[in-house]
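Undergrad: sequence and predicted model, in that order:
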Amino acid sequence: MALSLGVHVGQQNMPMSDLRAIWRRLDDAGVDWISAWDHFYEAPPKGGSEPHFEALATLGALAAETRNARLGCLVFYVGYRNPAMLAKAATTLDHISDGRFELGMGAGWHVWEATAYGYPFPDIGTRLDMLEEAITVVRRMLTEERTTFSGHHFQVDDASCLPAPVQKRLPIWVGGVGEKRTLKIAADHADGWNAAYLPPSEYKRLNGVLDEWCAQADRAPSSLRRSVNLLFNLSSSKGARSEQDALLKRDWGDMAPRIAGGALIGEPAQAIDTIGEYIDAGAQEINIALRAPWDEKALDAYLTDVMPAVRKAASAA
């Protein structure tokens, strides 16, 4: 599969009409992937003080508004939704999108929203156990006529999921960077792995760890797609950069230096080399993560200038 250039759009701080407009704009611009995230509150957390839409309903609108890009969520927290229900929703979204939907799953991190909405948020070991069980249920629901599963956290009894997805094998992605469990779960169960806001050197190292887990699972590493989300912090001018830098610091606080290590920073032309570093580190899918507000001129330049240049360089390599 060729290099994929996508956009991860956070459904916050925008009315739905603006979200629908940006999805159409991205689809018309030829991006390969458009995704949402699974939160009830804004991210990074601000105590539920900013407008934010729910993921599944948002994805239904996204699927209906677009025609070309693959679609997904990076990633659904398995503690919010029964996995059989999630399989049913994924199938529905696959039909709305004519076979373009891909399902991302993870162990979650946003304890503040979970607590506010009354969801248990157990320790990370328990959440990873839940993730592994949930993926097992979802995969079987998407591929079997009837599924029975009795786990510690989830159960289904002779359950069907009809109609079947449009795709013969609807892809499942695992998101996260935990070396001992998350990457092993990805190697054992997933079609793709996604990480967010890592510098190229760390992404390359974790890619190597994932290769090792694939080997232990007797699986070809090339059978598992690799993607990375990079915070979109590009600016259209040197003057605009100070505004974007201030926005990053305001949003992320003490985490800003770490997040900046996995961000596109500076003017658009600088992004070409940065993306090349991630491709060299093993990334096959590069997704820019948009959080409103962003620099509109910089986004235009990314779509019209940076993406073609990156694709040209990748095809020549």
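TA: Cool, the structure landed. Numbers count the residues shown, from 1 in each chain.
Undergrad: tell me where the stretch 151-300 of the chain has helices.
TA: 182-189, 200-216, 238-252, 256-260, 268-280, 296-301 (DSSP state H, counting those that start in this stretch).
Undergrad: which one of those lies closest to Ala114?
TA: Ala114 lies closest to helix 182-189 among those, at 18.3 Å (C-beta to C-beta). Bear in mind the C-beta positions are built from the backbone N, C-alpha and C, glycine included.
Undergrad: turn the helices of the stretch 151-300 of the chain into a markdown table, columns for mean pLDDT and distance to Leu170.
TA: As requested, the helices of the stretch 151-300 of the chain are exported to a markdown table (pLDDT from 0 to 100; distance: least, C-beta to C-beta, whole Å):
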| stretch | mean pLDDT | distance to Leu170 |
| --- | --- | --- |
| helix 182-189 | 98 | 13 |
| helix 200-216 | 98 | 21 |
| helix 238-252 | 82 | 33 |
| helix 256-260 | 90 | 31 |
| helix 268-280 | 96 | 26 |
| helix 296-301 | 96 | 30 |
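Undergrad: I'd like the ones you listed laid out as JSON lines, including distance to His39.
TA: Below are the helices of the stretch 151-300 of the chain laid out as JSON lines (distance: least, C-beta to C-beta, whole Å):
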{"stretch": "helix 182-189", "distance to His39": "19"}
{"stretch": "helix 200-216", "distance to His39": "23"}
{"stretch": "helix 238-252", "distance to His39": "14"}
{"stretch": "helix 256-260", "distance to His39": "16"}
{"stretch": "helix 268-280", "distance to His39": "25"}
{"stretch": "helix 296-301", "distance to His39": "22"}
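Undergrad: so which of those helices comes closest to Gly72?
TA: Among those, helix 182-189 comes nearest to Gly72, with 15.0 Å by C-beta to C-beta.
Undergrad: of all the helices of the stretch 151-300 of the chain, which one comes closest to Ala63?
TA: The closest of the helices of the stretch 151-300 of the chain to Ala63 is helix 296-301. By C-beta to C-beta, the value is 22.2 Å.
Undergrad: under the pLDDT cut-off, which ranges of this protein? List them.
TA: 1 (pLDDT under 70).
Undergrad: which one's the longest helix in it?
TA: Taking DSSP state H as the assignment, the helix of the chain that covers the most residues is helix 124-143.
Undergrad: buried residues in that helix?
TA: Neighbour counts over helix 124-143 (16 or more other C-beta atoms under 10 Å) mark 127-142 as buried.
Undergrad: coming back round to it: quick check: which of the helices of the stretch 151-300 of the chain is buried the most?
TA: When these are scored by mean count of other C-beta atoms under 10 Å, the highest mean neighbour count falls to helix 182-189 (a mean of 22).
Undergrad: just the CA trace of that helix, in CSV.
TA: What follows is helix 182-189, C-alpha atoms only, in CSV (Å, rounded to 0.1, in the frame of the first residue of the first chain):
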residue,chain,number,x,y,z
THR,A,182,-0.2,-2.5,23.9
LEU,A,183,2.3,-3.3,21.2
LYS,A,184,1.9,-7.0,21.9
ILE,A,185,-1.9,-6.7,21.6
ALA,A,186,-1.4,-4.9,18.3
ALA,A,187,0.9,-7.7,17.0
ASP,A,188,-1.5,-10.4,18.2
HIS,A,189,-4.8,-9.0,17.0
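Undergrad: show me what it is packed up against.
TA: helix 124-143, strand 172-175, strand 192-196, helix 200-216 (3 or more C-beta pairs under 8 Å, 6 or more residues apart in numbering; DSSP states H and E).
Undergrad: name the residues that touch it?
TA: Residues from elsewhere that reach helix 182-189 (C-beta atoms under 8 Å, 6 or more residues apart in numbering): 106-107, 128, 131-132, 135-136, 139, 172, 174, 176-177, 192-193, 206, 209-210, 213-214, 216-217, 219, 224.
Undergrad: doesn't Ser4 make contact with Ile288?
TA: No: look at Ile288 against Ser4 with C-beta atoms under 8 Å: they stay out of range, at 11.9 Å.
Undergrad: the more surrounded of the two?
TA: Using other C-beta atoms under 10 Å, the more surrounded residue of Ile288 and Ser4 is Ile288, with 27 against 17.
Undergrad: got a list of what the closest residue in space to the more buried one that isn't next to it in sequence touches?
TA: Nearest residue to Ile288, sequence neighbours excluded (C-beta to C-beta, 6 or more residues apart in numbering): Phe232, at 4.2 Å. Phe232 sits next to Ala263, Leu264, Ile288, Ala289, Leu290, Arg291, Trp294, Ala298, Leu299, Tyr302 when contact means C-beta under 8 Å, 6+ apart.
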